[in-house]
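Undergrad: coords below, sequence missing:
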């Protein structure tokens, strides 16, 4: 990978993160009506004094540029403000809720991406008209099944037929590894299915593409066996578009996780941000969105880098 | 026509499947359905029966009627969102490809920033600002889709702008507007049609998710996502509201996805992915 390429991608990354921070910063200021009055809530009497006090507490009485400067300077140093209701730093609240989301997303990416390779390779061997249609319908169905519905239906079946099994909630892996994994099974299946459908179709078409190349014919002529051809030669070249897709899917999963957490009562970032919206706890909403988006942007940056390592043509 | 249908079985199936659902939604008021808002308390949570083909919900409302009216809500929200984002994103992407230079760079950078957010998270952020409602959801989905349309249309538009017929048109002194409307737009039509259908399919899932989270349609509006979240509370007692509403979302989203997929093959064989 050339240094020039790395540098230009790094500048892109900074520009995008800067843009993201501006959008998240402006969010709270775009709320129609006075966000401060809304934040004070219906239960307190709204007096000009109270509004002024809260405004100066969150710095809303300063010029925009200064507000942004302060906010971003704090954010870089790990200070994203304090939660309106609990008065705790929002980063602490995020820290307390981040692990279930990270675990759910990572496991789903592993399952979705991991299974899609053998499934795609298997589907690549099924040729012919009937198989084409079956693969296509199956992939589209997998992609359009609402994952939260799948979650709800699976909860129903477990509760009905396996009443002893605990399907809801979350226990940390460090406290009860088995209980943790048991509760993760259903959410991970629900969350990873669309990704599995998408990726296995991609693997299949990339494999079919690769299998028609000259080097495969050469490998066959050399007398390499079928397994070796599929897994060593075809798959390796099919992997390149695959990796980009995994990066993009990760963002989809991060969004999907918000809904799945709600279905399975998992105390993660999704529940945190939804709760914060309901309570009009805007600093917490802002911070959660900033953290999740930054994570997504960084993952995609790493995927781009990985891509350049695997396929040196990209970085030239 | 019949010959065409015979050659494109998948497309014909998709068209019929989608049309059926859209027509049901369009003509819901004249289908002689029960009032989707009427609460008949003595008939709460009944299973499918002769009077209520798909049963009733926790307030005794007819589920079949609520699902068909839910289609209306869902389609109205999603079509509005997709049309808005197509207008905004499509125009930006096309103009970026046509004018290139600094305009292109600034527009696409802006789109990159919007694209950097996970889809559902950006939608939730927009709703946090606008407040939860169907229109909030529609605008949120429109904003999320704008960069997607811009990116999707910029690529093909660039190719067309480089083509000989556009160079030729420029050479004989055709104005910008003439080239954009006469050459660029008609040649992008097939891409637009395919992508609109595919994105509509995804929008239906996003809208259902938002309503499920309480960020879209509000009760008592008949909404598929809302039916799922309400049905969840009575799941063991009466699973059908949640199960039927889920199938409805699946069928609607599946139909548009299949339609887009089949259209891609038919309209532009060059775009065809080996599937």
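TA: Structure received. Owing to the predicted nature of the structure, the values given are computational and were not obtained by experimental measurement.
Undergrad: how close does residue B:227 get to chain A?
TA: Distance, residue B:227 to chain A, by C-beta to the nearest C-beta, to the nearest Å: 10 Å. C-beta here means a position set from N, CA and C on the backbone, and glycine is covered the same way.
Undergrad: Same check on residue B:128?
TA: For residue B:128, the distance to chain A - C-beta to the nearest C-beta - is 5 Å.
Undergrad: which strands and helices sit next to the helix or strand that residue falls within?
TA: Using DSSP states H and E, residue B:128 falls within helix B:119-130. Secondary-structure packing of helix B:119-130 (3 or more C-beta pairs under 8 Å, 6 or more residues apart in numbering or on different chains; DSSP states H and E): helix A:3-27, helix A:235-264, helix A:269-279, helix A:282-310, helix B:134-162, helix B:185-212.
Undergrad: Repeat the analysis, applying 7 Å as the threshold.
TA: helix A:235-264, helix A:282-310, helix B:134-162, helix B:185-212 (3 or more C-beta pairs under 7 Å, 6 or more residues apart in numbering or on different chains; DSSP states H and E).
Undergrad: Just give me the lowest mean pLDDT stretch among the ones you listed.
TA: Comparing mean pLDDT across the helices and strands packed on helix B:119-130, the weakest is helix A:235-264, with a mean of 83.
Undergrad: Buried ones in it, by neighbour count?
TA: Residues of helix A:235-264 classed as buried: A:235, A:237-239, A:241-242, A:245-264 (neighbour count, 16 or more other C-beta atoms under 10 Å in any protein chain shown).
Undergrad: Show me the subset of these that also lies near chain B.
TA: When contact is defined as C-beta under 7 Å from any C-beta of the partner chain, the buried residues of helix A:235-264 meet chain B at A:251, A:252, A:254, A:255, A:256, A:258, A:259, A:262.
Undergrad: Next up, the contacts around the fifth one.
TA: What it means is residue A:256. Residue A:256 makes contact with A:147, A:191, B:120 under the criterion C-beta atoms under 7 Å, 6 or more residues apart in numbering or on different chains.
Undergrad: what does the last one give?
TA: If you count contacts by C-beta under 7 Å, 6+ apart, residue A:262 has them with A:270, A:271, A:274, B:213.
Undergrad: surely the third one meets residue B:213?
TA: Which is residue A:274. Yes - between residue A:274 and residue B:213 there is a contact under C-beta atoms under 7 Å: 6.1 Å.
Undergrad: how many other residues sit next to residue B:233?
TA: Neighbour count for residue B:233, taken as other C-beta atoms under 10 Å in any protein chain shown: 12.
Undergrad: Residue A:190 and chain B: what is the separation?
TA: 12 Å.
Undergrad: give me every residue that touches that residue.
TA: A:147, A:150, A:151, A:154, A:260.
Undergrad: repeat for residue A:27
TA: Contacts for residue A:27 were tallied using C-beta under 7 Å, 6+ apart; they are A:286, B:125, B:129.
Undergrad: and of those, the nearest to residue B:97?
TA: Nearest to residue B:97 among these, counting by C-beta to C-beta, is residue B:125 at 28.5 Å.
Undergrad: ok, now which residue in chain B is the farthest from the centroid?
TA: Taking C-alpha atoms, centre = their mean as the measure, the residue most remote from the mean C-alpha position of chain B is residue B:172, 40.5 Å away.
Undergrad: returning to that earlier point: in ChimeraX, how would I select the buried members of the contacts of residue A:27?
TA: In ChimeraX, a selection of the buried entries from the contacts of residue A:27 looks like this (16+ other C-beta under 10 Å):
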select /A:286 /B:125,129
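Undergrad: which among the contacts of residue A:27 gets closest to residue B:8?
TA: Relative to residue B:8, the closest of the contacts of residue A:27 is residue B:125; by C-beta to C-beta it sits at 41.0 Å.
Undergrad: Run through the residues that contact the closest one.
TA: With contacts defined as C-beta under 7 Å, 6+ apart, residue B:125 is in contact with A:27, A:289.
Undergrad: would you list the helices and strands packed on helix B:119-130 in a markdown table and tack on distance to residue B:229?
TA: Compiled in a markdown table, the helices and strands packed on helix B:119-130 are given as follows (distance: least, C-beta to C-beta, whole Å):
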| stretch | distance to residue B:229 |
| --- | --- |
| helix A:235-264 | 8 |
| helix A:282-310 | 21 |
| helix B:134-162 | 14 |
| helix B:185-212 | 5 |
